[in-house]
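> 3D model of this:
(2 chains)
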Amino acid sequence: SQTIHQWPATLVQPVGSPLSLECTVEGTSNPNLYWYRQAAGRGLQLLFYSVGIGQISSEVPQNLSASRPQDRQFILSSKKLLLSDSGFYLCAWSVVGTQYFGPGTRLTVL
Amino acid sequence: GDSVTQMEGPVTLSEEAFLTINCTYTATGYPSLFWYVQYPGEGLQLLLKATKADDKGSNKGFEATYRKETTSFHLEKGSVQVSDSAVYFCALSDQDTGRRALTFGSGTRLQVQP
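Residues are numbered from 1 along each chain as shown, chains lettered A, B, ... in the order given. Now for the predicted structure:
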């Protein structure tokens, strides 16, 4: 069966520091991968998606970037965090349309 | 563009009460429709889905029917339990077969009291 992992689970970072969040999927090949952000009490905003290794599409202009160095690995990064980057970051995968989500990373920028 | 509108929460019910969470959508074409549930501090779990008009998705006592004529996908459960307390998200699929992203509603928080 397929599983999706995200780490770290929680992160507290100062403004201006770098960020790296990792997501890995097991049990499937060539999935679409997605990064969403959920602000407190809000819905989900799609940040990036990837249809294959090295293929990244950005949905909104922002302070973040994404990379897909391997088929089942998706990384969310920032060179300098802003206060507005705080939120709950969710990774998801899909193969035939239904998306399955990871446990999320709660990021607090102070 | 595509959009999903959910009823505002929180919805507060007593145990064994009937639940309805309204969801309507705007989309071109014929998207698939989903309900996801999020328990505190966790990611989203797929609750049910429907891929075409008049389909009924069901799981764990929850049901939703894809109504094309009213562009709706309301979530129902006949008898809620305290353990159903969570945030529920309605979503529709992207028509772009490459992107296949989801558009989510803002979520509805359900609180079930014993």
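
> mind listing the strands for chain B?
Counting by DSSP state E, one finds strands in chain B at the ranges B:3-6, B:11-14, B:19-21, B:23-26, B:33-38, B:44-50, B:56-59, B:62-65, B:75-77, B:86-93, B:102-104, B:108-113.

> secondary structure element for the residue positioned nearest the centre of chain A, which one?
Central residue of chain A (C-alpha atoms, centre = their mean): residue A:35, 3.5 Å from the mean position. Assessed by DSSP states H and E, residue A:35 sits inside strand A:32-38.

> what helices or strands is that strand leaning on?
Strand A:32-38 is packed against strand A:19-26, strand A:44-52, strand A:73-78, strand A:87-94, with contacts defined by 3 or more C-beta pairs under 8 Å, 6 or more residues apart in numbering or on different chains; DSSP states H and E. To be clear about C-beta, it is placed using only N, CA and C from the backbone, and glycine gets the same treatment.

> direction included, what does that strand pair against?
strand A:44-52 (antiparallel), strand A:87-94 (antiparallel) (DSSP bridges).

> compare the strands of chain B and give me the one nearest residue A:90.
Closest to residue A:90 of the strands of chain B, according to C-beta to C-beta: strand B:44-50, at 6.7 Å.

> how about that closest one: buried residues?
Along strand B:44-50, these residues count as buried under the neighbour rule (16 or more other C-beta atoms under 10 Å in any protein chain shown): B:44, B:46, B:47, B:48, B:49, B:50.

> beta partners of the second one?
Each beta-bridge partner of residue B:46 is listed here: residue B:36, as defined by DSSP bridges.

> contacting residues for it?
For residue B:46, the contact set (C-beta atoms under 8 Å, 6 or more residues apart in numbering or on different chains) comprises A:98, A:99, A:100, B:34, B:35, B:36.

> and the lowest-mean-pLDDT helix or strand in chain B, what does it pack onto?
None of the helices or strands of chain B scores lower by mean pLDDT, DSSP states H and E than strand B:102-104, at a mean of 90. Counting contacts by 3+ C-beta pairs under 8 Å, 6+ apart, strand B:102-104 packs against strand A:44-52, strand B:3-6, strand B:86-93.

> returning to what we had before: relative to chain A, which of the buried residues of strand B:44-50 is nearest.
When the buried residues of strand B:44-50 are compared for distance to chain A (C-beta to the nearest C-beta), residue B:44 wins out at 4.3 Å.

> quick check: that closest one vs residue A:99, distance?
From residue B:44 across to residue A:99, the span is 8 Å (C-beta to C-beta, to the nearest Å).

> same question for residue A:77.
22 Å.

> and these two? Which one has more around it.
Each of residue A:77 and residue A:99 has its neighbours counted (other C-beta atoms under 10 Å in any protein chain shown); residue A:99 has more, 23 against 13.

> and the residue lying closest to the more buried one once chain neighbours are set aside, what are its bridge partners?
Among residues not flanking residue A:99 along the chain, residue A:92 sits closest, at 4.4 Å (C-beta to C-beta, 6 or more residues apart in numbering or on different chains). When assigned by DSSP bridges, residue A:92 has beta-bridge partners residue A:34, residue A:101.

> find the nearest non-adjacent residue to residue B:75, please.
residue B:21 (4.3 Å).

> same question for residue B:72.
residue B:24 (4.9 Å).
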